[in-house]
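A.B. asks: got a predicted model here, sequence first, then my questions.
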Amino acid sequence: MMNEASKKMIIVADDGAEEEVELLFAFEFNDTKREYAVYTRNERDDADNITIYVSSVIRNGDKVSFGGVDSDEDWARIKDVLRELSKKE
């Protein structure tokens, strides 16, 4: 999904465990100002597709953390974004 060099980031689980993942892209909905990050651990499913994850981006001053997707409406919109991007590939 990105043509430039891959972007790595570290995610920290609630238990403090750190994991390096590859950030595919991030986006924001203009109307709600909610931000989301799409990333992968480069795992493959049974159909040999790379598994991707989506997290909400939570900004608190200079600190950035990740959370879940809170609503079915947001999930539907995120799926629309992912479908549109997959058509461009």
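C.D. replies: Perfect, I can see it now.

A.B. asks: which stretches in the protein count as strands?
C.D. replies: Under the criterion DSSP state E, the chain carries strands at the ranges 7-12, 18-28, 35-44, 50-60, 63-67.

A.B. asks: next one: the shortest one to chain centre, how far?
C.D. replies: Spelled out, it's strand 63-67. 12 Å (Cα atoms, centre = their mean, to the nearest Å).

A.B. asks: do the same with stretch 43-59
C.D. replies: The chain centroid and the centroid of stretch 43-59 are separated by 7 Å under Cα atoms, centre = their mean.

A.B. asks: that one: end-to-end distance?
C.D. replies: End-to-end span of stretch 43-59 (Cα to Cα, to the nearest Å): 28 Å.

A.B. asks: show me which residues of that stretch are buried.
C.D. replies: 54-56 (16 or more other Cβ atoms under 10 Å). C-beta here means a position set from N, CA and C on the backbone, and glycine is covered the same way.

A.B. asks: among those residues, which one sits closest to residue 29?
C.D. replies: Proximity of the buried residues of stretch 43-59 to residue 29 (Cβ to Cβ) peaks at residue 56, which lies at 10.8 Å.

A.B. asks: which ones are touching the closest one?
C.D. replies: Taking Cβ atoms under 8 Å, 6 or more residues apart in numbering, we find residue 56 in contact with 34-36, 66-70.
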